[in-house]
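A.B. asks: Predicted model, plus sequence, below.
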Amino acid sequence: MLRILHQIFRTGVVTEPLPVEVEAEVVEIGAQLEDAIRRKFHRSLTIREVDAGSCNGCELEIHAMNNAVYNCERFGINFTASPRFADMLLVTGPVSVNMEIALKRTYMATPSPKIVVAVGDCACDGGIFGESYASLGKISNVIPVDAHIPGCPPTPADLLLGILKVIGD
């Protein structure tokens, strides 16, 4: 344990900061997002992320949005493992045949009013996978969708902006 701590202190911070223009954009979007969350939810926004059959590119960007660099929690966004506590569902990927029932159950377990956001091109329109014997295509083919965040994959800043647009209405 002491050896690991010694190495951490010797190495120091190795995370590269965001470029100045991206940091400014994230801070600006974040301030608007924090205000919208406080007005609409009177607390933090709780999100349940669901992978309906994606390539995991969108999940990587969602995790980046929640890491120490972007730190979406400073704006009032929290992730939960249970749909029963979620205000919003972030759904990625085309819906695979095997995930259809699980996605419907997650949607039904989320309390009303629920917000469903399709993240990435695959979730919005089926992407490169489309509809086939193994894929049902876009998310709206299975559950109602309130908003779309296009991109392959969308950047963390695009994700924050998309969330702002859907809750800022």
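C.D. replies: Received the coordinates, thanks.
A.B. asks: Report the mean confidence score over the longest strand along the chain.
C.D. replies: Across the chain, the longest stretch assigned as strand under DSSP state E is strand 45-51. For strand 45-51, mean pLDDT rounds to 93.
A.B. asks: repeat for stretch 70-89
C.D. replies: Average pLDDT, stretch 70-89: 91.
A.B. asks: what's the span of that stretch from first residue to last?
C.D. replies: By CA to CA, to the nearest Å, the extent of stretch 70-89 from end to end equals 20 Å.
A.B. asks: ok, now stretch 103-115?
C.D. replies: Span of stretch 103-115 from end to end, CA to CA: 14 Å.
A.B. asks: So what's the residue count around the residue nearest to Pro156 when sequence neighbours are not counted?
C.D. replies: Leaving out its chain neighbours, the residue that sits closest to Pro156 by CB to CB, 6 or more residues apart in numbering is Met65, at 3.9 Å. C-beta: built from backbone N, CA, C; applies to glycine. By the criterion of other CB atoms under 10 Å, Met65 has 25 neighbours.
A.B. asks: quick one: Met65 and Ser135, what's the gap?
C.D. replies: 26 Å (CB to CB, to the nearest Å).
A.B. asks: what does Val69 give?
C.D. replies: 33 Å.
A.B. asks: My read is that Met99 contacts Gly53, right?
C.D. replies: Yes. Between Met99 and Gly53 there is a contact under CB atoms under 8 Å: 5.2 Å.
A.B. asks: and Val69 and Ser135? which has more neighbours close in?
C.D. replies: Ser135 (21 against 15).
A.B. asks: Tell me what the more buried one is bridged to.
C.D. replies: On the basis of DSSP bridges, Ser135 is bridged to Ser96.
A.B. asks: what does Ile115 give?
C.D. replies: The partner residues for Ile115, given DSSP bridges, come to Met88.
A.B. asks: I'd assumed Val91 was in contact with it.
C.D. replies: No. Checked against CB under 8 Å, the pair Ile115 and Val91 is beyond contact range at 10.9 Å.
A.B. asks: which element follows the lowest-mean-pLDDT helix or strand in the chain toward the C-terminus?
C.D. replies: For the chain, the helix or strand with the lowest mean confidence is helix 2-11, at a mean of 81 (criterion: mean pLDDT, DSSP states H and E). Downstream of helix 2-11, the next assigned helix or strand under DSSP states H and E is helix 20-41.
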